[in-house]
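Engineer: Sequence first, predicted coordinates after that:
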Amino acid sequence: MSATDTTGGQRLLASVLLFAFVGSGAVVLVGFFFPSVVGRALGSQTWLVLALTFFGSGLGYLAALPYERIGTDEPATASLLRIRRGSLRSVLSDLLAVHDPVTLGVPMLVFTLYFGLQFVFPAATAASVDGLTNAVLRGWGPVLLGTVLLSVGYCGVLLFSSWGEIKLGGEDVEPTYTYPTYFALVFTAGIAAGIVFWGPAESLFHYQQPPPYFDAAPRSDAAIGAALVYALFHWGVSAWSAYAVVGIPIAYFVFERGAPLRVSSILTPFLGVDGLDSSWSRLVDTLAVFATIGGVATSIALVSQQFLAGVEYQWGVPPGGLGPVLFVGGLAAVYVLSAVSGLHRGIRRIAGLTVVLFGLFALVLLVVGPSGFVADRGPAALGAYAVNFVPMSLYGGGSWVTAWTVWNWAWWFSWAPFAGTFLAALSRGRRLRTVAFTSVVATSAATSVWFLVVGGTSLSLQHSGRADVLAAITERGGSEAVAGFPLLSALPLGDLLLFLFLALIVVFIVTSADTSTLIAAILASRRGVAPSRGSIALWGLFQAAVALAVLLVGGAETLQALAVLTGAPFAALAVLALGGLTLALYREGRGRGHTSIVWQVYDRLPQIQTHHDVEPPDREQ
């Protein structure tokens, strides 16, 4: 098939998707803002199909638009995240040939066995997994707390030491993307829809049951500050550092040692590049695929419940038994199309749209919400977070810390394989300081603003009695999925906020699911072989099948616990990776000839130096 034919087909598909987007959008917008007029005319499943068609066709249109390359050279990042294209026959014929049989077969076998046991013995399966998870989290709790604090400290070293000046790929290499695009890709891939799911709810849970560290009374004024501080703690620099300490070593060994783009590349200092075909490497990559599919599929299931709860809340009609199938199927169609379209098309464009919607929603909410409360409580919470950061990081106060902090750190580390691999692939031409700043500081700043605005609004309305979100959660059996809808309905422009909120649910999960699909296909492919469109579609559909099985068979919390179990070994691997990276940098003398950021600041203060007649101390450059 010629390039002209391919582009023609892409433009035709884009035109069809645009027509579907405009047509369904006209009905959905009228029905959304005037539910009493239109809501009774159509059934719940029809509304769900229309909503999915609207959101899905809009995102699909972005993915289907042709990408016009400038010049003939393939971008550097695309050479790592490249996709083999070919005819349908060739894709099907080499579908199994391109995969590593172990990395392909083991995760699929484990998930099949799990759902079989969950279907036949649901209570026993849940009890076994929960018991194992609780034992691991209790036993590994101090290790996870220490590892996360070490990760933050190491990222600080990269930010302020001369090692941060190292440019991945060499001084002559330029980044593939502008910095805003780089940030958008890193941020949206690593956060998924968890930020939308937990934004209105987490602070409320801490307000209802305050963290023991602060010793505040439940639902008190003091509990408000404690709730905001711990929300910032669980979604701030500590959490994002888990991605950085996996991604940065991968990036260094890929671009400086010629290792393949795999999680197992963190073993390069110990096995060498030629030794990355060993059983240990395959074990790491297999575990990474399992963690990726389990973590993202569970998130798809959870946000599906949130989206369906929003449809029911807005139109007063339950989605029915077919609702989960329709939602997951529609979502899978979008993220598979985005993944097979490649990084430069669907993944990049939808990531940009996600950041725009994210900022727009936060801005509108800040304007129409209790901005005075947020402005008063936000800086105080940030100050308390900074002052108490180290003590909170080391605090091991019993079951609450295990259930919240340790569990969160294990969950973030379970996502680190795919998020770190994606971060590494994007970072060619970037300095280590920029990679650390973007993946930890910039991303945590964005999530902090979100939790201060959304969480602060939720706390203000709950504490003042303007909305009883906790009662709504209790009415739904403790499900956090409903938290955002009664909150937003109590505000001016509630319909607009609800619409943007549902849109954020879709775009955030798509931006993580398309990335995880691509990374899983890369990790499961044989070394040196780029994944085909067929293999990407296979992993995307398998991810959707796992999410759908969670919704139909049950066991979302159990599968999530199973995925969390992978966080402990990846935390240990992160420590090993940092040790290997430090050893490599020390042995190669990297960083010499560069000046740390501390000395750069010092050297820009000549007036102070001259005024005191003090010579700068000798230092090794």
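Structural biologist: That came in fine, so what should we check first?

Engineer: Which of the residues in stretch 483-499 are classified as buried?
Structural biologist: Neighbour-count burial for stretch 483-499, with 16 or more other Cβ atoms under 10 Å as criterion, is recorded at 483-488, 490-491, 494, 496-499. Every C-beta, even on glycine, is put in place using the N, C-alpha and C of the backbone.

Engineer: now, which of the residues you listed sits nearest residue 335?
Structural biologist: residue 499 (21.1 Å; Cβ to Cβ).

Engineer: what's the helix or strand for the nearest residue to the closest one once chain neighbours are set aside?
Structural biologist: Once flanking residues are discounted, residue 499 sits nearest to residue 32: 5.7 Å by Cβ to Cβ, 6 or more residues apart in numbering. When elements are assigned from DSSP states H and E, residue 32 belongs to helix 3-33.

Engineer: Who are the packing partners of that helix?
Structural biologist: Using 3 or more Cβ pairs under 8 Å, 6 or more residues apart in numbering; DSSP states H and E, the elements in contact with helix 3-33 are helix 35-38, helix 44-64, helix 494-524.

Engineer: quick one on the thing from earlier: burial count for the residue nearest to residue 499?
Structural biologist: Other residues within reach of residue 32, judged by other Cβ atoms under 10 Å, total 23.

Engineer: and the gap between it and residue 57?
Structural biologist: Using Cβ to Cβ, to the nearest Å, residue 32 is found at 16 Å from residue 57.

Engineer: Equivalent analysis for residue 310, please.
Structural biologist: For residue 310, the distance to residue 57 - Cβ to Cβ - is 19 Å.

Engineer: Also residue 105?
Structural biologist: In this view, residue 105 and residue 57 are 35 Å apart by Cβ to Cβ.

Engineer: Scan this protein for its longest helix.
Structural biologist: Using DSSP state H to define each element, the chain has its longest helix at helix 122-160.

Engineer: What are the buried residues along that one?
Structural biologist: Within helix 122-160, the residues scored as buried using 16+ other Cβ under 10 Å are 125-126, 129, 133, 136-137, 140-141, 144-145, 147-152, 154-156, 158-160.

Engineer: can you state the direction angle for the helix or strand following that helix and helix 494-524?
Structural biologist: Moving toward the C-terminus from helix 122-160, the next helix or strand (DSSP H and E) is helix 179-191. Interaxial angle, helix 179-191 versus helix 494-524 (axes from the mean of the first three to the mean of the last three Cα atoms, to 10 degrees): 80 degrees.

Engineer: how about helix 179-191 as CSV, C-alpha atoms only?
Structural biologist: Once non-C-alpha atoms are left out, helix 179-191 reads as follows in CSV (Å, rounded to 0.1, in the frame of the first residue of the first chain):
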residue,chain,number,x,y,z
TYR,A,179,9.1,21.2,26.4
PRO,A,180,5.3,21.7,26.8
THR,A,181,4.7,18.6,24.7
TYR,A,182,7.3,16.7,26.7
PHE,A,183,5.6,17.7,30.0
ALA,A,184,2.2,16.8,28.6
LEU,A,185,3.3,13.3,27.6
VAL,A,186,5.0,12.6,30.9
PHE,A,187,2.2,13.9,33.0
THR,A,188,-0.8,12.4,31.3
ALA,A,189,0.8,8.9,30.9
GLY,A,190,1.7,8.6,34.5
ILE,A,191,-1.4,9.9,36.3
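
Engineer: average pLDDT across that helix?
Structural biologist: Helix 179-191 carries an average pLDDT of 93.

Engineer: which strands and helices sit next to it?
Structural biologist: Under the contact criterion of 3+ Cβ pairs under 8 Å, 6+ apart, helix 179-191 touches helix 348-368, helix 407-426, helix 443-450, helix 494-524.

Engineer: Mind giving me the packing neighbours of the next helix or strand along the chain from that helix?
Structural biologist: Using DSSP H and E, the next helix or strand after helix 179-191 towards the C-terminus is helix 194-198. With contacts taken as 3+ Cβ pairs under 8 Å, 6+ apart, helix 194-198 sits against helix 279-315, helix 494-524.

Engineer: Put together a markdown table for the ones you listed, with distance to residue 565 and mean pLDDT on each row.
Structural biologist: Below are those laid out as a markdown table (distance: least, Cβ to Cβ, whole Å; pLDDT from 0 to 100):
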| stretch | distance to residue 565 | mean pLDDT |
| --- | --- | --- |
| helix 279-315 | 9 | 84 |
| helix 494-524 | 18 | 89 |
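
Engineer: out of the ones you listed, nearest to residue 20?
Structural biologist: Closest of these to residue 20 is helix 494-524, at 15.2 Å (criterion: Cβ to Cβ).

Engineer: Centre of the chain to the helix or strand just after that closest one, how far?
Structural biologist: Where DSSP H and E defines the elements, the next helix or strand beyond helix 494-524 is helix 533-553. How far helix 533-553 lies from its chain's middle: 18 Å, per Cα atoms, centre = their mean, to the nearest Å.

Engineer: Then stretch 178-189?
Structural biologist: On Cα atoms, centre = their mean, the centre of stretch 178-189 falls 12 Å from that of its chain.

Engineer: can you check stretch 332-343 too?
Structural biologist: Mean-position distance between stretch 332-343 and its chain equals 17 Å (Cα atoms, centre = their mean).

Engineer: Now do it: everything it contacts.
Structural biologist: Here stretch 332-343 makes contact (Cβ atoms under 8 Å, 6 or more residues apart in numbering) with 55-56, 59-60, 62-64, 67, 77-78, 81, 83, 185, 345-347, 350, 506, 509-510, 513-515, 517-518, 521, 533, 536-537, 540-541, 543-544.

Engineer: Check these for burial and list the buried ones.
Structural biologist: Restricting those to buried positions leaves 55-56, 59-60, 62-64, 77-78, 81, 83, 185, 345-347, 350, 506, 509-510, 513-515, 517-518, 521, 533, 536-537, 540, 543-544, with burial counted as 16+ other Cβ under 10 Å.

Engineer: where does the stretch 1-150 of the chain dip in pLDDT?
Structural biologist: Along the stretch 1-150 of the chain, the parts satisfying pLDDT under 70 run over 1-9, 35-45, 67-97.

Engineer: measure residue 390 to residue 144 for me?
Structural biologist: For residue 390, the distance to residue 144 equals 16 Å [Cβ to Cβ].

Engineer: per-domain residue ranges of the chain.
Structural biologist: Here the domain assignment for the chain is 1-70, 74-612, based on automatic domain parsing.

Engineer: Highest mean neighbour count out of these?
Structural biologist: Of all the domains of the chain, domain 74-612 has the most neighbours on average by mean count of other Cβ atoms under 10 Å, namely a mean of 20.

Engineer: gap between that one and the chain center?
Structural biologist: Centre-to-centre, domain 74-612 and its host chain are 3 Å apart (Cα atoms, centre = their mean).

Engineer: Hmm, residue 484 is touching residue 195, no?
Structural biologist: No: counting by Cβ atoms under 8 Å, residue 484 does not reach residue 195; the two are 11.4 Å apart.

Engineer: from the buried residues of stretch 483-499, which single one is nearest residue 362?
Structural biologist: Minimum distance to residue 362 across those is 10.7 Å, recorded for residue 497 (Cβ to Cβ).
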